[in-house]
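Let me see the structure of the following:
(2 chains)
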There are 2 protein chains.
Amino acid sequence: MKIIGLMSGTSVDGIDAVIVDIQNGVEDHDAVRVNVLQFATYPYPDGVRERILEISAPGAGSVEKICHLNAYLGELFAQAAIRIAREAGVELASIDAIGSHGQTIQHLPQPQDESGILVRSTLQIGEPSIIAERTGVTTVADFRPRDMAAGGQGAPLAPYGHYLLFRHPTRTRIVTNIGGISNLTYLPAGATPDQVIAFDTGPGNMLIDGLMREISGGTRVYDENGDDAAQGTCDADLLRSLMTHPYFTSKPPKSTGREEFGAAYLRQIHKEAGSCGINNADLLRTLTEYTAESIVYSFKTFLPNMRDMLETQTIDLLFCGGGVRNQTLMRAVQQRVQPLSIASVEQVGVSSDALEAIVFALFARETLAGRPANLPNVTGSAHPVILGKIIPGRSFRSLGGVSQT
Amino acid sequence: MKIIGLMSGTSVDGIDAVIVDIQNGVEDHDAVRVNVLQFATYPYPDGVRERILEISAPGAGSVEKICHLNAYLGELFAQAAIRIAREAGVELASIDAIGSHGQTIQHLPQPQDESGILVRSTLQIGEPSIIAERTGVTTVADFRPRDMAAGGQGAPLAPYGHYLLFRHPTRTRIVTNIGGISNLTYLPAGATPDQVIAFDTGPGNMLIDGLMREISGGTRVYDENGDDAAQGTCDADLLRSLMTHPYFTSKPPKSTGREEFGAAYLRQIHKEAGSCGINNADLLRTLTEYTAESIVYSFKTFLPNMRDMLETQTIDLLFCGGGVRNQTLMRAVQQRVQPLSIASVEQVGVSSDALEAIVFALFARETLAGRPANLPNVTGSAHPVILGKIIPGRSFRSLGGVSQT
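You can find the predicted model right below:
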């Protein structure tokens, strides 16, 4: 099946668009095989990012702006789909489906009581009726509300995508995505969906990027290749102190964010480092080692048989996300899991940059096949549910169970 | 097929819920036969109407309130579906589908230019993922955006429902819905969808209700049975003057609303009536006759062969909506179409009160069967499109064209 995946994350940088050819593995328990025909990130037009952030802010937005931007982003997502197909040289008519995550403008997983009804809600915009109409392709969108309706947090959804892509009949795998926050998906050998474990390990690039921004006065926003950190020396005392953060010992499923590992936390670290006379290069290296240490701590603390599997090298540690490009960080992880060799998801044939968009292409396929794509252990939902809404394209035929006319 | 239809109109009174058994007519060109198993209007809980109106107002709303109310109304729509099934004594598991219109909180059909993209938008809330999850029934919702994506106004949608329900192989029919505004659907004998004509004829109950509210100081909001109007006498001069309103001569497709026939217009009529010394009872009767006159004027002016068909009695005039209960109004219409006898839609076997909810039950069926349900001549769309979004229920099976796994 040829499917387009569309995604814009909370950083609101633009629309990730991927077109993939998906094939089943040879055996039932094999991972699906995904061939990326084309991937691109199309930035939002000038001013659109600001308008999205404006209507997303608490207490902000207005009904007309939200109504209008929902349709406008629908047009932009449709253009992204048309463009990625053209760049891949694929006719829209030969595409089986589009999976569109949309743009989250609000996510309220904490229940609000309405006379005894516990209401939890989420709002993604980018009207999928427009995507289906402009492309003629059956579109599946709006994946989070159904998991929340079933009692889940509506997030994280990616772990089921990792399950489809990376599970292995005989090898246990951990997929670690190092974004601002780092999260992992644990896939035991021959895993069934209910055996998947996924949670946030703690900081990803957030502290490193924050410190770089500070040191450079805002001219540098990340440590390219980890070159700056490579110049410094890790301060073992500070590292030990940082690892006492209570998040690390709290049990999964768990998630974290800027509230715990953002700017305020970084200021506090800065103060502690200053009082010990640690210079910027050494601090950067220490934060890099800290990030690696907290990831590996999660492996060893919360995942079964990890020490054995590391020693016997019967586990694959696969990494994705922007952190993969930080070689100092990746070396710091590597040292902590010796003698095992770590790898990027690219090394098992999946594009790291395109991964999120690929996940929503896969989700479209799951929904159209009538298969659930949430993991109750991971999102907290009461049971597995088929995610999303289906908007018929030109090749849409009647639904089996309900088509008797 | 057993289908539930859910609808809440712009008056935001509550949720109309209907459960129907739908069967095809004997011949292909016959109307569908709808057996209403149960119908009810469930009022919104205290304060909810006010909150909906608050977030619908121009410039009002906030992203959290809209996000939250979308989910909360989803819960209320789900409860309405569960309750109507229970009251009908029908197991949810035996229901084939739910069609939910949702609650419109914004409708912006006038294009807004975004760097050359003409964006038109509409926003209905009442999260259908929650309806599908709570009921387990495949739900089709959000019918308007796709017509707008195809260039239409997203309204009116009901005429296609009238086409399904009332078309007749050998008799021409006009279905006139007298709500606040009055609208008609013209169905020539043996009509195909592209032969349907539909438009707003002008005032429905709006002027009569507005005057009643004024006369009674707000204690009465409509003229029950038309009893008050029956006491008055029509002022022929005022009636003639009112009929010069430019809306009546403008050509269909056309639509109108409170802007043209609301409170401001009523104040102006009041002034004119006062200067002629017309008392309240006579004014009420005159407005009732005016409403009837403007409806029949539309028949005779814009629909082909109308005078012939009225004389030869080869047309059925069917009425629905609240205005049907105003006997003075119905008599005033009747007099103007002599010797033909007018009828209520009830007389051809369709519940007048449940009609709007029935339409959305029918639309769910059309979408699941892969059939378009918009009328390009009526909404202005470029072509017919399959409306709505499909949210899988428990009996959902994979989609034919895209299920090869």
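
Okay, and A:Asp282 sits in which element?
Secondary-structure assignment from DSSP states H and E places A:Asp282 in helix A:280-302.

Could you point out the helix or strand that follows that helix?
Beyond helix A:280-302 in the direction of the C-terminus, DSSP H and E gives the next helix or strand as helix A:306-312.

now that following helix, how far from the centre of its chain.
Shown here is helix A:306-312, whose average C-alpha point lies 27 Å from the average C-alpha point of the whole chain (Cα atoms, centre = their mean, to the nearest Å).

Please report the number of neighbouring residues for A:Ala373.
The local packing count at A:Ala373 equals 29, with neighbours defined by other Cβ atoms under 10 Å in any protein chain shown. (Each C-beta comes from the backbone N, C-alpha and C, glycine too.)

Check A:Gly126 too.
The tally of other residues near A:Gly126 (other Cβ under 10 Å) stands at 29.

shaky segments in chain A?
Low-confidence segments of chain A, defined by pLDDT under 70: A:398-405.

one more time with 90
When the per-residue scores of chain A are filtered using pLDDT under 90, the ranges that remain are A:9-13, A:24-31, A:57-61, A:253, A:255, A:257-259, A:263, A:307, A:395-405.

What segments of it are strands?
Secondary structure of chain A (DSSP state E): strands located at A:2-8, A:14-23, A:33-43, A:97-114, A:117-125, A:139-141, A:172-178, A:181-187, A:197-203, A:315-320, A:343-344, A:389-391.

right, so those: which one is the most enclosed?
Stretch with highest mean neighbour count among those: strand A:139-141 (a mean of 31; mean count of other Cβ atoms under 10 Å in any protein chain shown).

got the contact list for that strand?
Outside strand A:139-141, the residues that touch it by Cβ atoms under 8 Å, 6 or more residues apart in numbering or on different chains are A:97-102, A:124, A:126, A:128, A:131-132, A:363-364, A:367-368, A:388-391, A:393.

Keep only these that also lie close to chain B.
When those are checked against chain B using Cβ under 8 Å from any Cβ of the partner chain, the ones in range are A:Ala97, A:Pro128, A:Ala132, A:Thr367, A:Leu368, A:Gly388, A:Lys389, A:Ile390, A:Ile391.

So which of those residues is the closest to B:Glu114?
Each of these was scored against B:Glu114 by Cβ to Cβ, and A:Pro128 proved nearest at 18.1 Å.

and B:Leu329, which of the strands of chain A is closest to it?
Across those, B:Leu329 has its closest neighbour in strand A:97-114 (40.0 Å, Cβ to Cβ).

sorry, back to before: between the strands of chain A, which one is nearest to B:Arg258?
Of all these, the one in closest proximity to B:Arg258, counting by Cβ to Cβ, is strand A:117-125 (28.7 Å).

Please report the distance of A:Glu75 from chain B.
Applying Cβ to the nearest Cβ, to the nearest Å, the value for A:Glu75 to chain B is 5 Å.

Tell me, how many residues neighbour that residue?
Under the criterion other Cβ under 10 Å, the count of neighbours that A:Glu75 has is 19.

Which strand residues bridge the nearest residue to it once chain neighbours are set aside?
With Cβ to Cβ, 6 or more residues apart in numbering or on different chains as the measure, B:Ile117 is the residue that lies nearest to A:Glu75, at 5.0 Å, once sequence neighbours are left out. Going by DSSP bridges, B:Ile117 is paired in beta bridges with B:Glu114.

and if you look at the one 5 residues further on?
According to DSSP bridges, the residues that bridge with B:Thr122 are B:His107.

how close does it sit to A:Gly202?
Distance of B:Thr122 to A:Gly202, computed by Cβ to Cβ, to the nearest Å: 43 Å.

A:Cys320: what's it in contact with?
A:Val175, A:Thr176, A:Asn177, A:Ile178, A:Ser344, A:Val345, A:Val350, A:Ser352, A:Leu355.

Switch these over to JSON lines; also include distance to B:Tyr290.
JSON lines is the format used below for those (distance: Cβ to Cβ, whole Å):
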{"residue": "A:Val175", "distance to B:Tyr290": "71"}
{"residue": "A:Thr176", "distance to B:Tyr290": "73"}
{"residue": "A:Asn177", "distance to B:Tyr290": "68"}
{"residue": "A:Ile178", "distance to B:Tyr290": "72"}
{"residue": "A:Ser344", "distance to B:Tyr290": "76"}
{"residue": "A:Val345", "distance to B:Tyr290": "72"}
{"residue": "A:Val350", "distance to B:Tyr290": "70"}
{"residue": "A:Ser352", "distance to B:Tyr290": "70"}
{"residue": "A:Leu355", "distance to B:Tyr290": "66"}
